[in-house]
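Peer 1: Quick one: sequence plus predicted model below, questions after.
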There are 2 protein chains.
Amino acid sequence: MANNITVMKFGGATLATPALMKGVARRIVETRAQGRDVVVVVSAPGKMTDELIAKARAITDEPDEREMDMLLATGEQQSIALMGIALKSLDCDAISFTGPQVGIVTDDAHTKARIVKMGGEKIKTALRLGKVVIVAGFQGETENEEITTLGRGGSDLTAVALATALSAGICEFFKDVDGVYTADPRIVPEAVRLPRLAYDEMLEMASLGAQVLYNRCVEFAKKNKIVLHVRSSTKPEPGTLISEEVAQMEGVMVSGVTHTKKEAKLTILWVPDQPGIAAKIFSRLAAEKLNIDVIVQDISEEGSTNISFTISQDDLSRAKKAVEKLVREIGAKGFEADEHVGKVSVVGVGMRSHSGVAAAMFEALAEKGINIQMISTSEIKISCIVAEDRVEEAVRAIHEKFQLAKLA
Amino acid sequence: MANNITVMKFGGATLATPALMKGVARRIVETRAQGRDVVVVVSAPGKMTDELIAKARAITDEPDEREMDMLLATGEQQSIALMGIALKSLDCDAISFTGPQVGIVTDDAHTKARIVKMGGEKIKTALRLGKVVIVAGFQGETENEEITTLGRGGSDLTAVALATALSAGICEFFKDVDGVYTADPRIVPEAVRLPRLAYDEMLEMASLGAQVLYNRCVEFAKKNKIVLHVRSSTKPEPGTLISEEVAQMEGVMVSGVTHTKKEAKLTILWVPDQPGIAAKIFSRLAAEKLNIDVIVQDISEEGSTNISFTISQDDLSRAKKAVEKLVREIGAKGFEADEHVGKVSVVGVGMRSHSGVAAAMFEALAEKGINIQMISTSEIKISCIVAEDRVEEAVRAIHEKFQLAKLA
């Protein structure tokens, strides 16, 4: 049952300087003054996580993952401490906790751990005492008290998991953008803010790289029916509400165009065409904790086939090692890697009841002479893998084709 | 009983860059290769603690102390993680732990907590598995799992406390200096390194600002008979050994000249001359957790007296507040503050069996026309409070007077 608790999550960009921190603290105090019980979740300030990764890489190319978690967890810990200091300096009674301190228990997959148990008693006690509770996002600990981090978007996940554990009415995400757009406005100046989105749309947009909310967070929210609100950290206006699908949403064929860069494509050549071979390949890659995105298998020819898939460029060196071994084991001919691809997608729940979306999208790309390397579809999205350096052009062409600027 | 364990403590200056970190890691591997079980204690890298304090102060002048501990503890946590990464990149099996993780339990005096209990089982288990164990200095947690820091010199204290808990044979301090000098070489170019010092001498030198080891650390070592070795992090040569007093040490009248700056002097004027009034003043200041250094009470006149004491400049604003209240309560006339004083001291166990040390010291100051504001003595040291801007001149004059350059 929903109660009076609001979870307010602030991203790193909104905490990059002491002045921004103070602004965020005032915003929290305002929300508190409206009679809400406030739980704040913060990311590491500014670019700190990237800076810490750079420090580790200055020592070695492949830093130990357990120690990386030990290192990265300090970013959010600095944020909670500074936010505690900022709130108390405004005479707002507040207390900060690390992930381990509030009982966020994870598995032991260092640098991309999953939450397995969520404490909350310590937070409830502090709320009852009238305190604003500040919790470090992105981190937890294993049953053996080893510090872990949750991987990309981990702080968003922490916020939704806390909202769920606390039965909070709403989980608000304060960002340096004021909501979810029909496309990245840096690439498509005509892009407009969407007032409302269905979980499934956001899910596709998140996992496709809208970089507003990550998929793990939205999935968690969908499952637990937590209403999400993506809004500006500096402006008071509402942003984009993300909730269960409502009838009016179907009127729109496409809600947005998303894209990713920094992907890589690996193709395993001449894979023997035997039952179970794809399962073998991808279970092995899963065991290596590699996140595979799009998979395409060619039409079988002469008893063999080519299997292509995409992964993050960051994982490429690990993936190559794993594939090299696999090639030998399964008796394939070899593999090829294209280190620079990207993905362009259209998303919309309205696609379920409209036809011709795929055709219009391919047409838009063809008109610009952009080659489609792989295609992947779901009920509410269509994705094309293209060369990394054509991604932005592709996004603009598609946004124009579907006249998304009219969606505001 | 001493065993095969060496505690190696590395200060922040020795960890300031990735290159320095790698050098330290190689040094640890060398020690491990000599068959020693190694426990490493590290400070925050470079000037990080100061930078974190500056971040907090950019938000408010008086940051909350509990949240400061939450903030400052991240410095050492970054060091242990980076050292773990560096060691593992050299194929040295290593594991890092925060203070709370190894069971360093403290009281709740945030920003200057005291260790009340020292765990060690987690470390012993890891050593038995052949690992190098890296522990974050400076930090612990209360029985209620609140993160605390140990105040200045806290990492040194962690090292000696661990050496004690583990019955380590020796505790080595790797510094950007190669030992303890007769005076600060930046101020006295003729200063020489002392090969050996008694705990009591080091204790006086530490508490008087030699800035090599802090008094809490040396006291702890003396009590538990841990031999300390202060040495260079980059050169293999031995540095200064600190142990129990041996007979030959008495041959030397004065072992060193030390100094501090950044002290402040407060004088409470016309304190009613009643029994118990000094106790009232200083127990109140102690309750405010203010560290008082030198205390001087004037000869009583007309039923009242002046009481002066020195404190760190950092504590001045808090001290002034406390004194202001006290003045009203005890019916004193008021108080004066001199915000810029320093202290010059001579130290030596040989002083016990030599006379004339004080006279020679005062003479050296008089020859330079340096006014002595307060004097304080112990069995093995004599200190003078002088104007902050005359401190360096005073150190040079005294070093010269006692011909300390011949002590090498």
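Peer 2: Perfect, thanks for sending it. Numbering: from 1, shown residues only, chains lettered A, B, ... in the order given.

Peer 1: Could you give the bridge partners of A:Arg231?
Peer 2: Assessed by DSSP bridges, A:Arg231 has beta-bridge partners A:Phe174.

Peer 1: Thought A:Glu172 was touching it, still the case?
Peer 2: Yes. Using Cβ atoms under 8 Å, A:Arg231 is in contact with A:Glu172, at 6.4 Å. C-beta: built from backbone N, CA, C; applies to glycine.

Peer 1: I'd like to know the phi and psi angles of A:Arg390, please.
Peer 2: phi -110, psi 0 (degrees, to the nearest 10).

Peer 1: ok, how many other residues are close to it?
Peer 2: Residues lying near A:Arg390 (other Cβ atoms under 10 Å in any protein chain shown) number 18.

Peer 1: for A:Glu367, same thing?
Peer 2: The burial count assigned to A:Glu367 is 11, neighbours taken as other Cβ under 10 Å.

Peer 1: try A:Leu20
Peer 2: Neighbours around A:Leu20, by other Cβ under 10 Å: 18.

Peer 1: any idea how far chain B is from it?
Peer 2: A:Leu20 is 11 Å from chain B, where distance means Cβ to the nearest Cβ, to the nearest Å.

Peer 1: for that residue, helix, strand, or coil?
Peer 2: helix (DSSP: H, G, I helix; E, B strand; the rest coil).

Peer 1: In contact with it: list those residues for me.
Peer 2: Contacts for A:Leu20 (Cβ atoms under 8 Å, 6 or more residues apart in numbering or on different chains) come out as A:14, A:233.

Peer 1: With A:Arg66 instead?
Peer 2: Per Cβ under 8 Å, 6+ apart, neighbours of A:Arg66: A:110, A:146, B:84, B:95.

Peer 1: Can you report how many residues lie near the residue of the stretch 251-400 of chain A found nearest chain B?
Peer 2: Here the residue of the stretch 251-400 of chain A nearest chain B is A:Ser317; by Cβ to the nearest Cβ that distance is 15.6 Å. By other Cβ under 10 Å, the residues close to A:Ser317 number 11.

Peer 1: pLDDT score assigned to it?
Peer 2: At A:Ser317, the predicted lDDT confidence score is 93.

Peer 1: Using CSV, list the CA coordinates for the one helix or strand it maps to.
Peer 2: If you go by DSSP states H and E, A:Ser317 is part of helix A:316-330. Listed next in CSV are the C-alpha coordinates belonging to helix A:316-330 (Å, rounded to 0.1, in the frame of the first residue of the first chain):
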residue,chain,number,x,y,z
LEU,A,316,35.0,-6.6,-26.9
SER,A,317,38.4,-7.9,-25.7
ARG,A,318,36.8,-10.4,-23.3
ALA,A,319,34.3,-11.4,-25.9
LYS,A,320,37.0,-12.0,-28.5
LYS,A,321,38.9,-14.3,-26.1
ALA,A,322,35.7,-16.3,-25.4
VAL,A,323,34.8,-16.5,-29.1
GLU,A,324,38.3,-17.6,-30.1
LYS,A,325,38.1,-20.5,-27.8
LEU,A,326,34.5,-21.3,-29.0
VAL,A,327,35.6,-21.3,-32.6
ARG,A,328,38.1,-24.1,-31.9
GLU,A,329,35.7,-26.1,-29.8
ILE,A,330,32.8,-26.1,-32.2
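
Peer 1: pLDDT averaged over the helix or strand that it is followed by - what is it?
Peer 2: Using DSSP H and E, the helix or strand that follows helix A:316-330 in sequence is strand A:334-347. In this model, strand A:334-347 has a mean pLDDT of 94.

Peer 1: orientation of strand A:334-347 relative to helix A:316-330 in degrees?
Peer 2: On the basis of axes from the mean of the first three to the mean of the last three Cα atoms, to 10 degrees, strand A:334-347 is oriented at 120 degrees to helix A:316-330.

Peer 1: Going by neighbour count, which residues of strand A:334-347 are buried?
Peer 2: By neighbour count on 16 or more other Cβ atoms under 10 Å in any protein chain shown, the buried set for strand A:334-347 is A:335, A:338, A:341-347.

Peer 1: need those residues in CSV with distance to chain B, can you?
Peer 2: Converted to CSV, those look like this (distance: Cβ to the nearest Cβ, whole Å):
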residue, distance to chain B
A:Phe335, 28
A:Asp338, 30
A:Val341, 31
A:Gly342, 31
A:Lys343, 32
A:Val344, 37
A:Ser345, 37
A:Val346, 42
A:Val347, 39
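
Peer 1: Contacts only, for A:Trp99.
Peer 2: To be clear, residue A:99 is Gly; Trp isn't right here. Counted by Cβ under 8 Å, 6+ apart, A:Gly99 has contacts A:73, A:76, A:135-141, A:158.

Peer 1: Kindly report the same for A:Ile242.
Peer 2: Contacts of A:Ile242 by Cβ under 8 Å, 6+ apart are A:180, A:196-199, A:202, A:213, A:218, A:221, A:227-230.

Peer 1: Could you list which of those belong to helices?
Peer 2: A:199, A:202, A:218, A:221 (DSSP state H).

Peer 1: which residues are in contact with the helix holding A:Ser317?
Peer 2: If you take Cβ under 8 Å, 6+ apart as the criterion, helix A:316-330 is touched by A:264, A:266, A:268, A:271-272, A:277, A:280-281, A:284-285, A:288, A:290, A:311, A:332-335, A:337, A:339.
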